[in-house]
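Participant: Sequence first, then the predicted structure, then my questions.
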Amino acid sequence: MKNNMYTYSRPQPMEASLLSIWGSLVLVVMGASLHRMGPSFQRSHFGPPLALLGMASFILLPVGETGPEMEMHHSLISSLPWLVTAITGSLLVLAGNPTYWKTRPGLLLLGWISICVSWLFILSDTDSSSMRNALLGLWIIPGIILGFVTSVFGIWIAERYSGIRGEASPLTDDESKLVSSILSRRLGGDGDGH
């Protein structure tokens with residue numbers, strides 16, 4: 001006797017537009033992951049082009065998408081003006097900051113102007129109800145500050161009363177040779193410690 005309770009339905013192939021959306025997001029994540037490997041890995045050079053390819057395909061390729069992907073795509077596309085200005089401004093501020101190089105007031109000024117423009121984009125794009133919700137959400141800031149102050153105070157107490165431990169013993173000759181060999185290989189030596 002056959003049990004007709006369960007019927008097999010063949011899985012439908014993913015539409016090309018949906019595949020391009022999710023594939024482009026995967027490319028962006030892969031590019032960011034490769035870029036985060038740092039300059040000591042040759043693979044890190046493939047990160048930025050891969051992420052840019054993913055962003056370009058996300059913006060240009062999807063046509064006729066439907067469902068939640070359509071809403072996500074339109075939401076991210078409408079956010080591009082303030083995202084681009086905010087990211088550009090942040091990078092300019094970091095480049096002009098004296099922490100990394102000598103102070104560059106021009107870059108700092110351009111960066112802060114770009115960040116302010118991104119806020120203007122955000123404020124002009126929101127309606128009064130979402131702005132009211134955002135202002136209500138600002139009440140979490142005192143809680144964040146309180147948690148931060150508590151954390152700093154706890155670290156200060158731990159550092160103050162933990163005491164100073166003795167210095168570590170110096171490296172032995174074998175350990176010094178090993179460290180020198182590793183550093184010379186990493187910094188472009190011949191691999192033999194020279």
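Facilitator: Yep, it's here.
Participant: Please give the element, helix or strand, for Ala168.
Facilitator: Assigned by DSSP states H and E, Ala168 falls within no helix or strand.
Participant: How about the secondary structure of Gly188?
Facilitator: Recorded secondary structure, Gly188: coil (DSSP: H, G, I helix; E, B strand; the rest coil).
Participant: Tell me how far it lies from Met37.
Facilitator: 18 Å (C-beta to C-beta, to the nearest Å). C-beta coordinates here come from the backbone N, C-alpha and C atoms, glycine included.
Participant: and these two? which has more neighbours close in?
Facilitator: Neighbour comparison, Gly188 and Met37: the larger count goes to Met37, with 14 against 7 (by other C-beta atoms under 10 Å).
Participant: List the contacts of the more buried one.
Facilitator: Listed by C-beta atoms under 8 Å, 6 or more residues apart in numbering, the contact partners of Met37 are Arg43, Ser44, Gly47.
Participant: close enough to count as contact, Leu107 and Gly96?
Facilitator: Yes - using C-beta atoms under 8 Å, Leu107 makes contact with Gly96 at a distance of 3.1 Å.
Participant: Who has more neighbours out of the two?
Facilitator: Gly96 (20 against 17).
Participant: which residues does that one contact?
Facilitator: Per C-beta under 8 Å, 6+ apart, neighbours of Gly96: Thr103, Arg104, Pro105, Gly106, Leu107, Leu108, Leu110, Gly111.
Participant: try it again with 10 Å
Facilitator: Lys102, Thr103, Arg104, Pro105, Gly106, Leu107, Leu108, Leu109, Leu110, Gly111, Trp112 (C-beta atoms under 10 Å, 6 or more residues apart in numbering).
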